[in-house]
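In: Starting from these lines, generate the structure:
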Amino acid sequence: MKLQFSVSAVQDLVRLREFIAQNNPQAAERVSLRLRQTIGKLVLYPDIGRPVPELENVRELIAGNYVVRYLRESDTIFVLRVWHGKEFRDF
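Out: This next block holds a predicted model:
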């Protein structure tokens, strides 16, 4: 299984890290590391996220306070978006 990130997902991760780093750079590093580790688990366990009923073939993984939406196609996991659970996102 391969892992790929959409441009939007990369922008989300950068945005989240920068937001946290404004007040606590060490926390930003910890959160970033935990998110990468959790997302990395998708390579071994691609179906651990729950299906998103309104989006065909899209799954949602809860990673602490964060939501990761991804798509599994053959041997690749495409991370589509990442956001904090308190943010409202309609993807």
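
In: Which neighbouring elements make contact with the helix or strand containing V79?
Out: Here V79, judged by DSSP states H and E, is contained in strand 76-84. Helices and strands touching strand 76-84, by 3 or more Cβ pairs under 8 Å, 6 or more residues apart in numbering; DSSP states H and E, are strand 2-5, helix 7-21, helix 25-40, strand 66-73. No exception for glycine: its C-beta is placed from N, CA and C like everyone else's.

In: mind checking how far the second one is from the chain centre?
Out: On the basis of Cα atoms, centre = their mean, to the nearest Å, helix 7-21 sits 10 Å off its chain's mean C-alpha point.

In: same check, this time on the shortest one
Out: In this view, strand 2-5 has its centroid 11 Å away from the chain centroid, taken as Cα atoms, centre = their mean.

In: And the contacts of it?
Out: With Cβ atoms under 8 Å, 6 or more residues apart in numbering as the test, strand 2-5 has contacts from L13, I39, G40, L42, V43, D75, T76, I77, F78, V79.

In: swap the cut-off to 10 Å and go again
Out: The contact list for strand 2-5, computed with Cβ atoms under 10 Å, 6 or more residues apart in numbering, reads 11-13, 39-43, 46, 70-71, 73-82.

In: Appreciated, that's everything.
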